[in-house]
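> Curious how this folds, go ahead:
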Amino acid sequence: MINSNSLINKKEQRFRSLVSLTIVIIYLLILAGGIVRGTGSGMGCPDWPRCFGRWVPPTEISQLPANYQEIYGAKLKGEVLFNPVKTWIEYANRLLGVLSGFLVFATLLASLYYLHIDRIIVWGSLMAFLLIGLNGWLGSRVVATELAQYVITLHLLLAILLVFTLLFVWVRSSSSKWRVESEKTSTLRLLLAIALLLTLAQIVLGAQVRDVLDSVVKRIGYGERDSWISQLDWRFYVHRSFSLAIFAFHISIIYQLRKLNKRGQLVKLTNILIGFIVAEIGTGVIMAYLGVPAFAQPIHLVLAILIIGLQFSISLLLTPKLIATGSVNQATRLIKA
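Predicted structure coming up:
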């Protein structure tokens, strides 16, 4: 019996570790996407899935045909000369996308262990696999449409949905490790649902601000970086002010959590959430007052996805009906063993 239970625990631990690694890589992929956007490398590879017609991108202009500007000029977004840095930034983003695809597929295969234990975990893993395939295709449309804003925003939203799906699988497969002592969580769940929707709206608005910023950069150039912010429209000011409202809203959430459990795991998660929000506001201030430095933009994006991911995870932990089945089945298996 001991050996049987130990084998079960090892298989489940390996699955959770694989899902955790996959989530980390997805976040790195989002970070890479932010770097691509922040450095203007979106068309660093003007074709897809190859890059300048090659599986391994060129590192110098001599590796390109003499008339490469004529071939790819319409898609190079004003780049007069070949820029290997932008090309490899975009290509590294693609490689991370391929790696994440393999990991999500591995997660799906590993989830088959739960086929007769908790099929929802298998369905969740299958959903993640379908989502990353769809988002990979959408990435090709980003190139094909030459960075159309609506495609980029949809690409980001699908990435968030993928993160949600993987977080659900991870939380459900490890639900026995989490405990919520009080059942009086309806108000808190409502607050978290509102916070999640507000944060999602803030992310979409931020994507629109980024699009306006791209237009400003295209019009006045990189040499006028200090004047970029003053050229933005009302969406930037709404986006900036809205962050303070979201921060205040989360203070009320942590107050409600402390009423439920003053020292529980959920309170620790919410404290981390507040820390991320403070850091998110900090990177926003850096961009607004220090000429939108390129390093701050991807960090700002990843923090936003970390925030919404934590909100979603806490909401799951406060909704036992969504995650309890895995724990019940696990207990049943141990009893039968």
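> now the helices for the stretch 201-337 of the chain?
In chain order, the stretch 201-337 of the chain shows helices spanning 234-260, 265-289, 296-317, 320-336, with DSSP state H, counting those that start in this stretch as the criterion.
> For residue 16, which of those is the nearest?
Across the helices of the stretch 201-337 of the chain, the minimum distance to residue 16, taken as CB to CB, is reached by helix 320-336, at 10.9 Å. In this view, the C-beta of every residue, glycine as well, is placed from N, C-alpha and C.
> what's the following helix or strand after the helix or strand hosting residue 124?
Applying DSSP states H and E as the criterion places residue 124 in helix 119-144. Per DSSP H and E, helix 119-144 leads on to helix 149-173 as the next helix or strand towards the C-terminus.
> between that next one and helix 296-317, how many degrees?
For helix 149-173 against helix 296-317, the angle by axes from the mean of the first three to the mean of the last three CA atoms, to 10 degrees is 40 degrees.
> Now do stretch 258-270, average pLDDT.
Average pLDDT, stretch 258-270: 72.
> ok, and the closest non-adjacent residue to residue 91?
residue 57 (4.9 Å; CB to CB, 6 or more residues apart in numbering).
> hmm, back to that, let's have the helices of the stretch 201-337 of the chain in CSV, adding distance to residue 151 and mean neighbour count.
As requested, these are arranged in CSV below (distance: least, CB to CB, whole Å; neighbours: other CB atoms under 10 Å):
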stretch, distance to residue 151, mean neighbour count
helix 234-260, 19, 15
helix 265-289, 24, 17
helix 296-317, 17, 22
helix 320-336, 32, 14
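> I'd like to know which of those lies nearest to residue 29.
helix 296-317 (10.1 Å).
> Return the distance of that closest one from the chain's centre.
7 Å (CA atoms, centre = their mean, to the nearest Å).
> What helices and strands are in contact with the helix holding residue 124?
For helix 119-144, the packing partners by 3 or more CB pairs under 8 Å, 6 or more residues apart in numbering; DSSP states H and E come out as helix 84-111, helix 149-173, helix 320-336.
> Most tightly packed of those helices?
Neighbour counts (mean count of other CB atoms under 10 Å) averaged over each of the helices and strands packed on helix 119-144 peak at helix 149-173, with a mean of 20.
> now for that one, which elements pack on it?
Partner elements for helix 149-173 (3+ CB pairs under 8 Å, 6+ apart): helix 2-38, helix 84-111, helix 119-144, helix 186-220, helix 296-317, helix 320-336.
> Measure how far the third one is from the centre of its chain, please.
For helix 119-144, the separation from the chain centroid amounts to 13 Å (computed by CA atoms, centre = their mean).
> List the buried residues in it.
120-122, 124-125, 127-129, 131-132, 135-136, 138-139, 142-143 (16 or more other CB atoms under 10 Å).
> The longest one too?
In terms of neighbour count (16+ other CB under 10 Å), helix 2-38 has its buried residues at 8, 12, 15-16, 18-19, 22-23, 25-27, 29-38.
> For it, what does the pLDDT average out to?
When pLDDT is averaged over helix 2-38, the result is 83.
> C-terminal to that helix, which secondary structure element comes first?
Next element after helix 2-38 (DSSP H and E): helix 68-72.
> Which residues does stretch 124-138 contact?
Residues outside stretch 124-138 that contact it (CB atoms under 8 Å, 6 or more residues apart in numbering) are 22, 97, 100-101, 104-105, 107-108, 110-111, 151, 154-155, 158-159, 161-162, 165-166, 168-169, 172.
> could you measure the residue nearest to residue 91 against residue 89, distance?
Residue 57 is 10 Å from residue 89, where distance means CB to CB, to the nearest Å.
> now do residue 297
Counting by CB to CB, the gap from residue 297 to residue 89 is 13 Å.
> Check residue 45 too.
From residue 45 across to residue 89, the span is 10 Å (CB to CB).
> who touches both of these two?
With the criterion set as CB under 8 Å, 6+ apart, the contacts of residue 45 and residue 89 do not overlap.
> Where does the prediction get shaky in the stretch 51-200 of the chain?
Low-confidence segments of the stretch 51-200 of the chain (pLDDT under 70): 73-80, 143, 146-147, 176-184.
> circling back: pipe the helices and strands packed on helix 119-144 into TSV and attach distance to residue 283 per row.
Listed next are these as TSV, based on distance: least, CB to CB, whole Å:
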stretch	distance to residue 283
helix 84-111	20
helix 149-173	17
helix 320-336	32
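> For residue 226, which of those is the nearest?
It is, among these and with distance given as CB to CB, helix 84-111, at 22.8 Å.
> Taking helix 149-173 as reference, get the angle to the helix holding residue 124.
Relative orientation of helix 119-144 versus helix 149-173 (the same axes, to 10 degrees): 160 degrees.
> can you tell me how far residue 321 sits from residue 185?
11 Å.
> The closest residue to residue 204 other than its chain neighbours: what's it in contact with?
Residue nearest to residue 204 in three dimensions, not counting chain neighbours: residue 153, with 6.4 Å by CB to CB, 6+ apart. Contacts for residue 153 (CB under 8 Å, 6+ apart) come out as 204, 207, 208.
> Out of those residues, which end up buried?
Applying 16+ other CB under 10 Å to these, the neighbour count classes 207, 208 as buried.
> could you dump the contacts of residue 153 to a markdown table with pLDDT and distance to residue 249?
Below are these laid out as a markdown table (pLDDT from 0 to 100; distance: CB to CB, whole Å):
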| residue | pLDDT | distance to residue 249 |
| --- | --- | --- |
| 204 | 90 | 17 |
| 207 | 86 | 21 |
| 208 | 88 | 21 |
